[in-house]
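**Student:** Give me the fold of what follows.
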Amino acid sequence: KSNTAYALDAQQTIDEEGRSRIELYADHAVKVAAAIRALGIKYLAADAYYSKVKFVSAIIPTGLHIVGKLRKDANLQWLYEGTYKGSGRPRKYDGKVDFDTDVHRFDYVGALNEKTEVYTKIVHAKFLKRPIRVVMLKSIKDDKEGHALLYSTDTKLDAMTLVAYYKSRFQIEFLFRDAKQHVGLT
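**Tutor:** Now for the predicted structure:
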């Protein structure tokens, strides 16, 4: 609510044989999840590094959701919205999302500013093995179009709220700076 980062817990990462860093980070997040939820927090804002199935799958059972960023070429699939034809297994997906040609399939939400439009849709993320809400920020800079992709594991989260939560993620950089400058951590 205050758009400010506060330190809740810190732990030194010590490499373990047979475990990746992302697994160690997920273990730490799971350890503090109850304390985070006790503060009334439901969302973890994380950068693109944490958009991995090992991290997301560990966090979801704690009752928290992830708000993060995706690569511009993220492997996403449209969810099939047609009717069942009556034979065989019901169709789940309707092809791969192409962010350059499939803008019409997204729901237009509004403008973030005069150069950035906001679009959203619930799609399937193959790499996370789950449906997610994707928000595409489509912008024009120097006559060139580009896009950034934000996401949430909470498919009911409003697109503009998702954008606001992700923007607040930058506040943690001040904690990192202070830890390095004043405490001597690296």
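**Student:** Without its sequence neighbours, what residue ends up closest to the spatially most central residue of the chain?
**Tutor:** Of all residues in the chain, the one closest to the mean position by C-alpha atoms, centre = their mean is Gly68, 2.4 Å from it. Leaving aside its sequence neighbours, Gly68 sits nearest to Ala46 (C-beta to C-beta, 6 or more residues apart in numbering; 4.6 Å). (C-beta placed from N, C-alpha, C; glycine too.)
**Student:** show me the contacts for that neighbour.
**Tutor:** Neighbour list for Ala46: Phe55, Ile66, Val67, Gly68, Arg169 [criterion: C-beta atoms under 8 Å, 6 or more residues apart in numbering].
**Student:** min pLDDT across those, which one?
**Tutor:** Ranked by pLDDT, the contacts of Ala46 bottom out at Arg169 (85).
**Student:** among the contacts of Ala46, which are in helices?
**Tutor:** Phe55 (DSSP state H).
**Student:** quick one, strands of this structure?
**Tutor:** Ranges of strands within the chain are 43-45, 65-70, 76-79, 93-96, 107-113, 116-125, 130-141, 144-152, based on DSSP state E.
**Student:** Can you say which of those is nearest to Lys180?
**Tutor:** Closest approach to Lys180 among the strands of the chain is made by strand 43-45 (20.5 Å; C-beta to C-beta).
**Student:** gap between that closest one and the chain center?
**Tutor:** 8 Å (C-alpha atoms, centre = their mean, to the nearest Å).
**Student:** How about the contacts made by the closest residue to Leu76 other than its chain neighbours?
**Tutor:** With C-beta to C-beta, 6+ apart as the criterion, Leu76 has its nearest non-adjacent residue at 4.2 Å, and that residue is Val97. Residues in contact with Val97 (C-beta under 8 Å, 6+ apart) are Ala74, Leu76, Gln77, Trp78, Arg105, Val123, Val134.
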